[in-house]
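1. give me coordinates for this.
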Amino acid sequence: MSRLAVLGFIFAASGLCATDPPVMRRLTHSQYNHTVHDLLGDQTNPANQFPQEDFVNGFRNQASAQSIPPLLEEAYSVAAEKLARNAFRGGDDGKLIPCRPRSVLDPECRTRFIREFGLKVLRRPLGAAEVARYSSLFAGEAKRAGKFTAGAQVVLEAMLQSPSFLFRTESGAGDRQYEIASRLSYFLWDSMPDEQLFASAAKSELGDAPGIERAVGRMLADPRARQSVDEFISQWLRFDRLLGAVKDRRQFPQYSPELAQSMIEETRRFIHDAVWNDRDFMQIYAADYGFLNGDLANLYQMPAPAGEFERVSYPADSDRAGILGQATFLALTSKPGETSPTARGLFVREQFLCQHVPDPPPGTNNNLPPVTQDKPQTNRDRLSAHATEPLCAGCHQLIDPIGFTLEKFDAIGARREKLQLKFYKKHDDDDEKTPGTIELELDTRGSVAGIRDSDISSPKQLGRILAQRPECQECVVRQLFRFGFGRRETSADRPVIQSALARFRDSQFRFKELMIALVSAYARN
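-> All right, here's what the predicted structure looks like:
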């Protein structure tokens, strides 16, 4: 069947009309990949080829930014066609079709396939009108091709482009139990509900707090819960910035895409250890250990561990601690050839304290004075101009002093005692001074404005402060709220935030308890 015919069928079969006002949340690219894997066994990750998603409120899944522009619409169409074709390549063998058809147009088996498989694809029971439309589409293609599976294939292709598949509709109407099932699964698994969750929805077992918490407890014990935590931390900590980072090859010849992946793997394992081993999650800022492989151990100037990404304690005098001392954070908040105290301080304010720092006023000159052999300067010296400029001082006094405390670690996270400024000739025939290296002492004293007794000079000291601060503890709650609910919190959400924070604190900051509190509130919202 032609793609135009499929596209012409989709909207009518979706069961939605232009005047319906439900809240709709598009599947994120990671949710799309996980869903087609769980639905079809497909491992090609087709959404990796889709147009990139924008970060809003710190995450890619915010409802306010989930439109479907033309390029994404075309990508969905291409992906649906490939997925449907691959799903029935070589027949079916009972993988997707729950019955053995007795003929090309077997109406009983056709209807059963549409109802049972359609429930999984659209994540809710199909109405009679929908079944009739899909049945007509199925029969037309099966008759034309002379194969029952041809009809099933075109129905799958149409369903994969349906708004009911691409969006999670939250109307609170007759399919409320199934909406709750999807809320739970996409929050906790980053994927579709499984058969047990569908069965709970069919039995109306998700209508009260005890029923929801029973489901949540089972789901957190499932390995799929790890992929949702992975997605949360990768967006919260902006792994994408590191994966796209470019570093000056002359200054950092050891930096490579493979090293960047190792950095991310350390941070991922570090946080997974805190989450799944029920450790105090706030110690992710202050812990005196990491998970290193040989390349990272070399970067950190430590002995190589016996195995890959083994837990290793930092030396007492290393000044490393928690994620602030890891190469992931230090590298992604740096420029190609130098550190950026401003970017590092801004990241701490916005990601770890949930404090919004305004953008510079229009027309502001953000360029720092250039460093020359005649006038070598540290970043603290260069940034002093911003501290005295009235238009800049307010914000820079909030963020730069935090960043100064991290200056003993260079743009890829290696420890340094002094700043080494390396100068090169631009061209071989330049009549310039002999290139060389100038070393400058580093002043890493700083503070966190707004927090008393916060005079610090290292990531370790900064991490200890953050781990103990109520603002940082509440920020963890807010960040997970934004990720799980798909939007920024409002004043009306204050009771949910405070209730989740209380449970988080009472559990000695066990992250799983925070997940239970927020997903339970989201399911009942």
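2. other SSEs contacting the helix ranked longest in the chain?
-> Residue-count comparison of every helix in the chain, with assignments taken from DSSP state H, identifies helix 257-276 as the longest. Contact analysis of helix 257-276 by 3 or more Cβ pairs under 8 Å, 6 or more residues apart in numbering; DSSP states H and E lists helix 224-236, helix 239-243, strand 289-292, helix 294-299, helix 327-332, helix 511-524 as its packing neighbours. Quick note: C-beta positions are derived from backbone N, CA and C, even for glycine.
3. for whichever helix or strand comes after the fourth one, buried residues please.
-> Of the helices and strands lying after helix 294-299 in sequence (DSSP states H and E), the nearest is strand 310-313. By neighbour count with 16 or more other Cβ atoms under 10 Å, strand 310-313 contains the buried residues Val312.
4. just how off-centre is strand 310-313 within its chain?
-> Relative to the centre of its chain, strand 310-313 is centred 25 Å away, using Cα atoms, centre = their mean, to the nearest Å.
5. just give the closest residue to the most centrally placed residue in the chain, not the sequence neighbours.
-> In the chain, the C-alpha closest to the average C-alpha coordinate belongs to Gln235, at a distance of 3.0 Å (Cα atoms, centre = their mean). In this structure, Gln235 finds its nearest non-sequential neighbour in Phe59, 4.9 Å apart by Cβ to Cβ, 6 or more residues apart in numbering.
6. next one: phi and psi at the one you found?
-> Backbone geometry at Phe59, expressed as degrees, to the nearest 10, gives phi -140, psi 160.
7. what's the spacing between Gly127 and Glu195?
-> Distance from Gly127 to Glu195, counting by Cβ to Cβ, to the nearest Å: 21 Å.
8. of those two, who's got more company?
-> In terms of neighbours (other Cβ atoms under 10 Å), Gly127 is the more surrounded of Gly127 and Glu195; the figures are 12 against 9.
9. could I get the pLDDT score of the more buried one?
-> Confidence at Gly127, expressed as pLDDT, is 95.
10. then Ser14?
-> 48.
11. got it, and Ala65?
-> What the model reports as pLDDT for Ala65 is 89.
12. number of residues surrounding it?
-> When neighbours are defined as other Cβ under 10 Å, Ala65 has 15 of them.
13. dump the residue contacts of Pro107.
-> Ser135 (Cβ atoms under 8 Å, 6 or more residues apart in numbering).
14. from Phe165, how far off is Thr44?
-> Going from Thr44 to Phe165 by Cβ to Cβ gives 17 Å.
15. out of the two, which sits in the more crowded spot?
-> When neighbours are counted by other Cβ under 10 Å, Phe165 comes out ahead of the other of Thr44 and Phe165, with 25 against 15.
16. now that one: how far from Asn33?
-> For Phe165 relative to Asn33 (Cβ to Cβ), the value is 14 Å.
17. how about stretch 385-401: buried residues?
-> Taking 16+ other Cβ under 10 Å as the basis for neighbour counts, the residues of stretch 385-401 that come out buried are 386, 392, 395-396, 398-401.
18. could you list the residues in contact with that stretch?
-> 341-342, 345-346, 348-349, 355, 357-358, 360-361, 364, 368-369, 383, 446-450.
19. what's the closest non-adjacent residue to Asp248?
-> Gly337 (3.9 Å).
20. re earlier: and the helices and strands packed on helix 257-276: which comes nearest Ile438?
-> With Cβ to Cβ as the measure, helix 327-332 is the member of the helices and strands packed on helix 257-276 nearest Ile438 (22.4 Å).
21. how far away from the center of its chain is stretch 105-113?
-> Counting by Cα atoms, centre = their mean, stretch 105-113 comes out at 41 Å from the chain centroid.
22. make that stretch 238-255, sorry
-> 20 Å.
23. need the contact partners of it.
-> Residues lying outside stretch 238-255 but in contact with it, judged by Cβ under 8 Å, 6+ apart, are 55, 233-234, 257, 260-261, 263-264, 267, 298-299, 328, 331-332, 336-337, 347, 351, 410-412, 422, 424.
24. now stretch 54-72: buried residues?
-> Residues of stretch 54-72 classed as buried under the neighbour-count rule (16+ other Cβ under 10 Å) are 56-63, 66, 72.
25. could those residues go into JSON lines alongside distance to Leu514 and secondary structure?
-> As requested, the buried residues of stretch 54-72 are arranged in JSON lines below (distance: Cβ to Cβ, whole Å; DSSP: H, G, I helix; E, B strand; the rest coil):
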{"residue": "Val56", "distance to Leu514": "22", "secondary structure": "strand"}
{"residue": "Asn57", "distance to Leu514": "18", "secondary structure": "coil"}
{"residue": "Gly58", "distance to Leu514": "17", "secondary structure": "coil"}
{"residue": "Phe59", "distance to Leu514": "16", "secondary structure": "strand"}
{"residue": "Arg60", "distance to Leu514": "21", "secondary structure": "coil"}
{"residue": "Asn61", "distance to Leu514": "18", "secondary structure": "coil"}
{"residue": "Gln62", "distance to Leu514": "20", "secondary structure": "coil"}
{"residue": "Ala63", "distance to Leu514": "22", "secondary structure": "helix"}
{"residue": "Gln66", "distance to Leu514": "25", "secondary structure": "coil"}
{"residue": "Leu72", "distance to Leu514": "32", "secondary structure": "helix"}
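26. helix, strand, or coil at Gly463?
-> Of the three states, Gly463 takes helix according to DSSP: H, G, I helix; E, B strand; the rest coil.
27. that one contacts Leu324, doesn't it?
-> Yes: using Cβ atoms under 8 Å, Gly463 and Leu324 qualify as a contacting pair, with a distance of 5.0 Å.
28. now do the strands in the chain.
-> Per DSSP state E, the chain carries strands over the ranges 23-26, 167-170, 289-292, 310-313, 418-422, 437-441.
29. with distance to Arg487 and mean pLDDT as added columns, please give those in JSON lines.
-> Putting those into JSON lines (distance: least, Cβ to Cβ, whole Å; pLDDT from 0 to 100) gives the following:
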{"stretch": "strand 23-26", "distance to Arg487": "9", "mean pLDDT": "86"}
{"stretch": "strand 167-170", "distance to Arg487": "12", "mean pLDDT": "85"}
{"stretch": "strand 289-292", "distance to Arg487": "33", "mean pLDDT": "97"}
{"stretch": "strand 310-313", "distance to Arg487": "36", "mean pLDDT": "96"}
{"stretch": "strand 418-422", "distance to Arg487": "43", "mean pLDDT": "91"}
{"stretch": "strand 437-441", "distance to Arg487": "46", "mean pLDDT": "92"}
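30. rebuild those strands as a markdown table, extending it with distance to Pro51.
-> A markdown table is the format used below for the strands of the chain (distance: least, Cβ to Cβ, whole Å):
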| stretch | distance to Pro51 |
| --- | --- |
| strand 23-26 | 13 |
| strand 167-170 | 17 |
| strand 289-292 | 34 |
| strand 310-313 | 39 |
| strand 418-422 | 39 |
| strand 437-441 | 44 |
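31. among these, which is the most enclosed?
-> Stretch with highest mean neighbour count among the strands of the chain: strand 289-292 (a mean of 23; mean count of other Cβ atoms under 10 Å).
32. report all helices and strands that that one contacts.
-> Packed against strand 289-292 by the contact rule (3+ Cβ pairs under 8 Å, 6+ apart) you find helix 257-276, strand 310-313.
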